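Participant: Return a 3D structure for these sequence lines:
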Amino acid sequence: MAMRRFVLGFLAILVFVGCRSSAGLLGPMVQVGRTDGKTGMVIVWRTDEVGDSRLDYGPFPHYTDSVYDSSLVTYHAVTLKDLRPGTRYSYRISTNGKVLAEKFFYTNKSNLEPFTFAVFGDSGSGDDHQDKVARQVEEQAPDFILHTGDLIYYSGKDRKYSEQFYHPYRDLISRIPFFPSMGNHDYKSNEGQTMLDNFVLPGNGRNYSFDYGNAHFIALDSNRANKESAVWLEADLAATQQKWKIVFFHHPPPFTGTHSGDENITDLWMPLFVKYKVDIVFCGHKHLYSRSRPVNGVVYIIEGVGGKRRYNFTPAPHWAYGDDDHWGFGWTAINGNELVFSHFTDEGKILDSFTIRK
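Facilitator: This is a model prediction of the structure:
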């Protein structure tokens, strides 16, 4: 009993950088939800016990406004409105009168400003490899993150989210939006509903899109590459007028070789990528890094070295570059008519890079 009291006491005083922590707290996490990310944002956190939700916020370093929800919940999601684009905000979350964390976030930049994002996947190891990738992403300070699937191994269970998601990315998700796509391991838990329940995503969350700067981003559930998803995808691509179009999902198309997705990706999705001039498609599933030569104008990049064990890369004519010796992540900088992509290792070394100009 004495040891139990010691452990509980230690957890109660454990403090992560920049926040006052509480035992049982997961998050906070910045999400865009159904806002535009420039004038609105959603702050999410989870608690072991039911309670109310209070969020104090204001232009950094001040607290000028508050939002309160008296609903007794364990999943807390507070929407902020009337924010200023490209602005740093302080925020403080409380439940049942207790301050749980104090952080800050950035609203999305305006359409004309340059921006950056990181992309990685197959990350849920919960070990040092995942942590090293996360710390290196932090050093690069992206504006947001895309994830190519398989957040949680091996079967997407909710009890694994603390170890494999909330803790490794605590200093990232509290400041910038994190956009996941559905991996096959995530899908194993209630057909992916567990993953969807942990986030506040645009649209229906399974297939969704959002804009940032002069780019349009689309997340697809490659576990359900079917006619319904293709109809949604075409309508979404046809509606955007953004200069850059970027798609991300988990299973790579079959042309990439073994351990790939089904033929519906080839038959139903890939023609739409060509028709609507998608620039880059990011995938995961293969635990390696590889970049294709343009396929009918579209570059396919596999970012699957976010932390889980690596697979072997097999050279082929369609690959411009491949690596299976390092964990790492992709990094994209967009500035007007120029897009620069680089693949970083978890040590901060750039292995591959290319530029697209329009």
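Participant: Is Asp267 in a helix, a strand, or coil?
Facilitator: At Asp267 the chain is in helix, as set by DSSP: H, G, I helix; E, B strand; the rest coil.
Participant: Now do it, the pLDDT please.
Facilitator: Looking at Asp267, its pLDDT is 98.
Participant: List the buried residues in the host helix or strand of Val340.
Facilitator: In this structure, Val340 is located in strand 338-345 according to DSSP states H and E. Burial within strand 338-345, assessed by neighbour count using 16 or more other C-beta atoms under 10 Å, is assigned to Leu339, Phe341, Ser342, His343, Phe344, Thr345. (Glycine included, C-beta is placed from N, CA and C.)
Participant: same question, stretch 191-199
Facilitator: By 16+ other C-beta under 10 Å, the buried positions in stretch 191-199 come out as Glu191, Gly192, Thr194, Met195, Leu196, Asn198, Phe199.
Participant: Now the element after the strand ranked longest in the chain, going C-ward?
Facilitator: Ranked by residue count under DSSP state E, the longest strand found in the chain is strand 41-59. Once strand 41-59 ends, the next helix or strand along the chain (criterion: DSSP H and E) is strand 65-80.
Participant: pLDDT on that following strand, on average?
Facilitator: Averaged over strand 65-80, pLDDT sits at 98.
Participant: and if you look at stretch 109-123?
Facilitator: Average pLDDT, stretch 109-123: 96.
Participant: Buried residues in that stretch, which are they?
Facilitator: Lys109, Phe115, Thr116, Phe117, Ala118, Val119, Phe120, Gly121, Asp122, Ser123.
Participant: want to try JSON lines for these, with distance to Leu288 and secondary structure as columns?
Facilitator: Listed next are the buried residues of stretch 109-123 as JSON lines, based on distance: C-beta to C-beta, whole Å; DSSP: H, G, I helix; E, B strand; the rest coil:
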{"residue": "Lys109", "distance to Leu288": "32", "secondary structure": "coil"}
{"residue": "Phe115", "distance to Leu288": "27", "secondary structure": "strand"}
{"residue": "Thr116", "distance to Leu288": "23", "secondary structure": "strand"}
{"residue": "Phe117", "distance to Leu288": "21", "secondary structure": "strand"}
{"residue": "Ala118", "distance to Leu288": "17", "secondary structure": "strand"}
{"residue": "Val119", "distance to Leu288": "14", "secondary structure": "strand"}
{"residue": "Phe120", "distance to Leu288": "12", "secondary structure": "strand"}
{"residue": "Gly121", "distance to Leu288": "11", "secondary structure": "coil"}
{"residue": "Asp122", "distance to Leu288": "9", "secondary structure": "coil"}
{"residue": "Ser123", "distance to Leu288": "14", "secondary structure": "coil"}
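Participant: And these, which two are furthest apart?
Facilitator: With C-beta to C-beta as the measure, no two of the buried residues of stretch 109-123 lie farther apart than Lys109 and Asp122, at 28.8 Å.
Participant: where exactly do the helices run in the stretch 251-358 of the chain?
Facilitator: Shown for the stretch 251-358 of the chain, the helices assigned by DSSP state H, counting those that start in this stretch span residues 263-264, 270-275.
Participant: ok, and what's touching the first one?
Facilitator: With C-beta atoms under 8 Å, 6 or more residues apart in numbering as the contact definition, helix 263-264 has outside contacts at Ala225, Asn226, Ala230, Pro254.
Participant: Disregarding residues adjacent in the polypeptide, which is nearest to the second one?
Facilitator: Which is Asn226. The shortest distance from Asn226 to any residue that is not its chain neighbour, by C-beta to C-beta, 6 or more residues apart in numbering, is 6.2 Å, and that residue is Asn264.
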